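Novice: just coords:
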């Protein structure tokens, strides 16, 4: 890991923009710092485009000022004192430095203005609680109140408070997701707290909207089979998805990209998450909001039978009409052998030809 955070920040493609943010904010009396995943990834040698800035003071007023100075626009604000600033195609999330308290487990926090140091202590994990100053005289100076840089060096995910998984149970999923992506381990005490939270099913205190949003973030990761194995190892996959993570499901998930390539030759593209929902089953479609990807089970079963029966191409094409692309990809993945897959691809190719001008009827 690079020992000079200021040099790393100066070399980032967004350094000129961040320097301008810090300069204009300071002229108006706002102290700013970039924080969170942007800093974590920068110290790990990863270029991130997710820019989160903490403002000591009114972040919404600061965002409005910056929009005028930088030729941007304030796209969104919230009751938590946050604002989204768009400068060209760059999104900057600004948040008021604040303290938080939780009225009860799983509740949205009550917030009050605070200092940058206080703000760092309210965050989820130490590696996400490292900041770099944007004030001109301290541009790129490391601000690490919680030992996050040491945990980065030791490749550890560590919560900042014993009640972290109780206050905000969505952190349970975030811990597993981040540890898997970075190939980090959970610190011993954090792992113990996570096991307690799983036994207590802490996620039940969180509304389905917030929990669903965190589950959908799982599907933005690259290695679904490995991530879901990790989730299953911690005892969360089965209760959250209401189904068992079998070896067959893992194998099917591993075939999604191959299906995309093969069916692309037939002019077919599909939503990968919708295919994953069909493979996983249970509540996956509910969490991912893609129930429309599912065709009636009886129809899919009939197609499966026809794929195994040579000489039924006309009937097969009739059943394939109006099937959502994700369901077609799912069928391709669960075919028993290459002969069935070729029959499916042939039927799809003939359907495509029939839709083209002058094609077969």
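Specialist: Great, that's in hand. Keep in mind the model is a prediction, meaning the values are calculated, not measured.

Novice: how close does residue 58 sit to residue 113?
Specialist: From residue 58 across to residue 113, the span is 9 Å (C-beta to C-beta, to the nearest Å). In short, each C-beta sits where N, CA and C put it, glycine included.

Novice: try residue 338
Specialist: Distance, residue 338 to residue 113, using C-beta to C-beta: 63 Å.

Novice: how many neighbours does residue 33 have?
Specialist: The criterion is other C-beta atoms under 10 Å. On that basis, residue 33 has 24 neighbouring residues.

Novice: same deal with residue 27?
Specialist: Residue 27 has 11 neighbours, counted by other C-beta under 10 Å.

Novice: check residue 133 too.
Specialist: Per other C-beta under 10 Å, the neighbour tally for residue 133 reads 21.

Novice: which residues does it contact?
Specialist: By C-beta atoms under 8 Å, 6 or more residues apart in numbering, the contact set of residue 133 is 22, 32, 33, 139, 140, 141, 143.

Novice: pLDDT wise, what is the first one at?
Specialist: We note a pLDDT of 97 for residue 22 in this prediction.

Novice: same deal with the third one?
Specialist: The pLDDT attached to residue 33 in the predicted structure is 97.

Novice: quick one: the helix or strand encompassing it to chain centroid distance?
Specialist: Under the criterion of DSSP states H and E, residue 33 resides in strand 31-35. Centroid displacement of strand 31-35 relative to its chain, using C-alpha atoms, centre = their mean, to the nearest Å, is 23 Å.

Novice: now the strands for the protein?
Specialist: With strands called from DSSP state E, the chain shows them at 31-35, 51-56, 73-77, 82-87, 90-96, 98-101, 110-113, 131-133, 142-143, 156-157, 185-186.

Novice: same question for the third one, mean pLDDT?
Specialist: The one in question is strand 73-77. Strand 73-77 shows an average pLDDT of 92 in the prediction.

Novice: tilt between it and strand 90-96?
Specialist: Angle, strand 73-77 to strand 90-96, by axes from the mean of the first three to the mean of the last three C-alpha atoms, to 10 degrees: 50 degrees.

Novice: ok, and what's touching strand 73-77?
Specialist: 60, 63, 64, 67, 83, 84, 85, 86, 91.

Novice: what strands line up against that strand, and which way round?
Specialist: Strand pairing for strand 73-77, using DSSP bridges, gives strand 82-87 (antiparallel).

Novice: angle of the partner strand against strand 51-56?
Specialist: Put simply, strand 82-87 runs at 130 degrees to strand 51-56, going by the same axes, to 10 degrees.
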